[in-house]
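Trainee: Here is a sequence with its predicted model. Questions after.
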Amino acid sequence: MKKVNILLILLVGVMINVKAQHKTMEKNSERSFREYQAIENALKSYIESAKTGDASGYAEDWYEHTRVVGSLDGQFYNITRDETMKFAEQLGGSTQVESRIAWIDYQGNAAVVRLESLNWGGVRYTDFFILSKAEGKWKISGKVFDAHDRN
């Protein structure tokens, strides 16, 4: 009888532990989902600027130290956030542009995003963004781009 009671106590303990682990996994799963959403939100001003030509949102979603590197029509660029804002506004909006996030990967407070855009000013771009989370907000820290046929 004592063995049965001990086994029953152990079984109840295991069940409680499994239930607690399941709740932790549910919380982690939701937290992970929310992080992906927050990372996507950090790219919204960039994606919208391709459509509208208004890059003013970069000031909030990009760190001041952000650099952008890539080439377009044989011209190599290694420019600041503010220079990127001016460049995007000079390029202007393109109502025909299509953009999609190909993938997001993150660990802790570091993330990388691949964004594909078609027909922004007649160009297809692949952008790789580096993001960092500070004070609870994801922001763009760097970008490297490929202009496909227009390198």
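Mentor: Thanks, I have it.
Trainee: The residue nearest the centre of the chain: helix or strand, and which one exactly?
Mentor: Compute the mean C-alpha point of the chain, and by Cα atoms, centre = their mean the closest residue is Ile39, 3.7 Å away. Using DSSP states H and E, Ile39 sits within helix 2-52.
Trainee: And Lys133, by the same measure?
Mentor: strand 123-134.
Trainee: in the next helix or strand after that strand, what's buried?
Mentor: Beyond strand 123-134 on the C-terminal side, the first helix or strand identified by DSSP H and E is strand 137-146. Of the residues in strand 137-146, Trp138, Lys139, Ile140, Ser141, Gly142, Lys143, Phe145 count as buried by neighbour count, 16 or more other Cβ atoms under 10 Å. No exception for glycine: its C-beta is placed from N, CA and C like everyone else's.
Trainee: swap in stretch 116-125?
Mentor: Ser117, Trp120, Gly121, Val123, Tyr125.
Trainee: which intervals of this protein have sub-threshold pLDDT?
Mentor: 1-5, 7-27 (pLDDT under 70).
Trainee: what comes up buried for stretch 53-65?
Mentor: Ala55, Gly57, Tyr58, Asp61, Trp62.
Trainee: Run through the residues that contact the second one.
Mentor: For Gly57, the residues meeting the contact criterion (Cβ atoms under 8 Å, 6 or more residues apart in numbering) are Lys44, Ser45, Tyr46, Glu48, Ser49.
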